[in-house]
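Could you work out the structure for the sequence below:
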Amino acid sequence: MDFPLNLQKMRRTKIICTIGPAVSSYEKIVELIESGMNVARLNFSHGTYADHLDIIEKLKRARKETQVSLAIMLDTKGPKIRLGSIEGGIVKLEKDQIWSLTQDIVKGDQNEATIVPGFIINEIPVGSRVLFDDGYIAGEVVDKTNKDLKVKILNAGSLKSGKSVNLPFTRLSLSSPTEKDIQDIHFGCDHDVEFIAASFVRSAEDIVAIKKILAERGKPEIQVIAKIENHEGITNFDSIVQIADGIMIARGDLGVEVPLMQVPKLQKMMIRKCSHAGKPSVTATQMLESMIKNPRPTRAEASDIANAIYDSTSAVMLSGETATGEYPIECVKMMKSIVEESEGDFDYKGFFNQYAAKAYNDVPSAVTLATVKTAYSCSATAIFAFTNAGSTARLLSRLRPEIPILGLTPLEKCFHQLSLYWGVIPVLYDKGRNFFESFSYLSDFALKHEIVKNGDLVLATVGTPFGVSGTTNTMMVDSIGFVLVRGKQGTGKRTHGKILLVPTAEGISSYTVRDRIIVITKCDASYLPLIHNAQAVLLQNLEEDLASEEFLLKEAESKGKPALIKADNAFNILHDGQLVTLDTENGIVYKGVVL
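Modelled structure (predicted):
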């Protein structure tokens with residue numbers, strides 16, 4: 001199955017878009033894909049299962065009809081604390097007033113409101129800081145009973161029903177995943193999503209619990225992204241990143257749960273540790289927030305995106321900007337343009353050199369490191385990664401090579417999951433019975449999409465036995481287009497014809513060489529009749545034999561005859577009657593006719 005690139009082959013950092021009312025139609029989803037969306041996020045804090053199923057079906061139809069890789073991400077609600085229902089939907093709070101949070105189910109008003117879940121009241125000590133609506137209203141617990149908290153409001157503002165409640169640095173016994181999360185995960189299994197984004201992850205055990213559910217459902221290939229948005233998640237980050245399949249830096253709640261001024265350095269820390277662990281990182285929340293209402297972003301937002309790129313984030317995410325904003329398509333296009341501009345300034349080799357100095361004890365990491373290093377050494381044009389579960393492509397991706405990584409997989413699930421990985425162009429092909437058939441297909445794919453051209457060197461990374469997950473142990477350098485011989489300098493136009501080996505000019509008639517590409521080991525006046533009658537000339541001369549080079553180039557140029565000097569090992573590789581193509585511009589001899 002041949003999936004075109006959707007004209008996105010040059011952008012390395014991936015874009016995640018949240019699907020909501022603003023882009024819920026099939027036509028808008030297609031527009032998002034064409035504008036640059038790589039992953040579609042469904043926020044299960046909102047909407048019904050019927051709503052989500054409708055979107056999933058549209059996404060699957062759109063990716064099939066547009067023939068692109070597009071992952072579907074189910075984002076769980078998580079163990080979030082919130083306000084209950086408020087009379088009239090909104091209440092205005094004044095500075096210094098005392099407001100009660102209660103376990104009882106009440107209609108919220110100026111005096112009190114329900115906090116959900118109510119049992120946490122017993123775990124919140126007097127003196128705790130309470131933040132409402134992502135921190136826009138702050139309060140402090142000044143008194144409590146068995147079922148109520150008395151909160152002094154520190155700044156005036158209005159609160160709506162269901163708004164968030166955050167308790168920074170307060171340890172709470174909230175279960176994760178919640179019952180709703182478990183139901184949502186089962187829904188994701190039923191409808192075969194690619195990723196589960198787990199909200200409010202506090203420890204590695206939260207991820208293990210979700211992976212256990214997926215395994216029990218027979219869906220272990222669904223990957224789990226840990227959303228880090230509280231102090232416990234930061235504290236336990238090192239163990240979380242080892243278990244999770246990726247990390248989302250959810251800066252909204254994180255900036256409420258920890259001091260706001262710490263968020264930038266925490267973002268950098270998490271992206272760096274994700275790279276070390278070989279896991280994708282997603283930078284999320286308020287990246288183009290102003291474009292919810294305005295057609296253009298602020299300068300600060302453009303700088304925020306650029307700095308995430310310079311930090312080497314794998315992906316950037318749009319939330320309300322695409323879900324409910326007035327300019328969802330423009331947001332994606334703007335994000336794409338800022339990303340592409342910023343990637344032009346990224347120090348790819350400097351980044352790689354940091355990792356090249358690190359010792360890797362596992363074979364796949366060592367092989368992928370050697371692959372990228374060799375790619376730079378031989379000026380390769382692309383890296384071919386043959387992968388079943390995506391691990392080969394993921395390990396290459398973390399090294400941030402400047403050249404594209406083409407990830408070929410026979411599995412459609414992996415094909416879509418690769419759309420999250422930095423720098424990876426996913427390719428789906430399930431008919432390759434062995435490495436050579438798959439390499440041939442990927443070469444044709446890369447040529448078709450102008451990622452490579454005939455004669456280019458590529459690096460291939462694969463596991464043996466071929467097709468078995470987790471066996472990355474082989475690296476090879478190969479050429480595109482069945483390259484037989486490389487030379488130093490050519491002259492004349494590209495041509496093709498049959499080979500004739502001419503070890504000496506003595507005894508060879510001009511008629512014999514007519515319409516042949518002759519191969520000679522030296523060149524002087526005795527070869528003139530042969531040069532004039534041959535179709536083209538390959539000179540396999542010694543390094544110090546500059547006289548032969550000068551003689552042939554001068555004569556060939558004067559007669560408009562295609563010629564190539566220093567055709568390495570041509571006498572041993574080529575044989576009489578062999579059909580080849582001489583590419584004088586690139587100094588290459590190909591097997592067969594290459595147009």
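
All the helices of the stretch 151-300 of the chain, in order from the start?
Remark: helices assigned in the stretch 151-300 of the chain by DSSP state H, counting those that start in this stretch are 179-190, 204-216, 231-235, 237-243, 251-257, 263-277, 299-310.

Of these, which is nearest D568?
Of all the helices of the stretch 151-300 of the chain, it is helix 263-277 that lies closest to D568, at 39.2 Å by Cβ to Cβ. Bear in mind the C-beta positions are built from the backbone N, C-alpha and C, glycine included.

what angle do that closest one and helix 299-310 make?
Going by axes from the mean of the first three to the mean of the last three Cα atoms, to 10 degrees, helix 263-277 is angled at 20 degrees with respect to helix 299-310.

what about dumping the CA coordinates of stretch 374-389 to CSV?
The C-alpha trace of stretch 374-389 is given here as CSV (Å, rounded to 0.1, in the frame of the first residue of the first chain):
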residue,chain,number,x,y,z
THR,A,374,28.0,6.8,9.4
ALA,A,375,25.3,8.8,7.7
TYR,A,376,27.1,12.0,8.5
SER,A,377,30.5,10.5,7.6
CYS,A,378,29.4,9.4,4.1
SER,A,379,27.0,12.3,3.4
ALA,A,380,24.0,9.9,3.1
THR,A,381,20.7,11.4,1.9
ALA,A,382,18.3,9.3,4.1
ILE,A,383,18.1,6.6,6.7
PHE,A,384,15.9,3.6,6.1
ALA,A,385,14.5,2.0,9.2
PHE,A,386,12.8,-1.3,8.9
THR,A,387,10.6,-1.8,12.0
ASN,A,388,7.6,-3.8,13.3
ALA,A,389,6.8,-2.1,16.6
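
got the buried residues for that stretch?
Buried residues in stretch 374-389, counting neighbours by 16 or more other Cβ atoms under 10 Å, are found at 374-376, 380-389.

now, which of the residues you listed lie within helices?
Using DSSP state H, the subset of these located in helices is T374, A375, Y376.

Check those against R394 and report the nearest one.
Looking across those and measuring by Cβ to Cβ, the closest to R394 is A375, at 16.9 Å.

Tell me the first helix or strand C-terminal of the biggest helix by length in the chain.
When the chain is parsed with DSSP H, its longest helix is helix 49-66. Helices and strands here follow DSSP states H and E; after helix 49-66, the next one along the chain is strand 71-75.

Which strands or helices does that following strand pack on?
Strand 71-75 is packed against strand 39-43, helix 49-66, helix 179-190, strand 195-198, helix 412-417, with contacts defined by 3 or more Cβ pairs under 8 Å, 6 or more residues apart in numbering; DSSP states H and E.

which one of those lies closest to E343?
Comparing these under Cβ to Cβ, the one sitting nearest is strand 39-43, at 17.9 Å.

To which secondary structure element is the residue nearest to G423 when sequence neighbours are not counted assigned?
With Cβ to Cβ, 6 or more residues apart in numbering as the criterion, G423 has its nearest non-adjacent residue at 4.2 Å, and that residue is R12. For R12, there is no host helix or strand (DSSP H and E).

R12 - how many residues pack around it?
25 (other Cβ atoms under 10 Å).

cool, S239 as well?
13.

how close does the nearest residue to it once chain neighbours are set aside sit to P220?
Among residues not flanking S239 along the chain, A204 sits closest, at 4.3 Å (Cβ to Cβ, 6+ apart). From A204 over to P220 the distance is 17 Å, taken as Cβ to Cβ, to the nearest Å.

would you list every one of the strands in the stretch 301-450 of the chain?
All strands of the stretch 301-450 of the chain, identified by DSSP state E, counting those that start in this stretch, fall at 315-318, 382-386, 405-409, 424-428.
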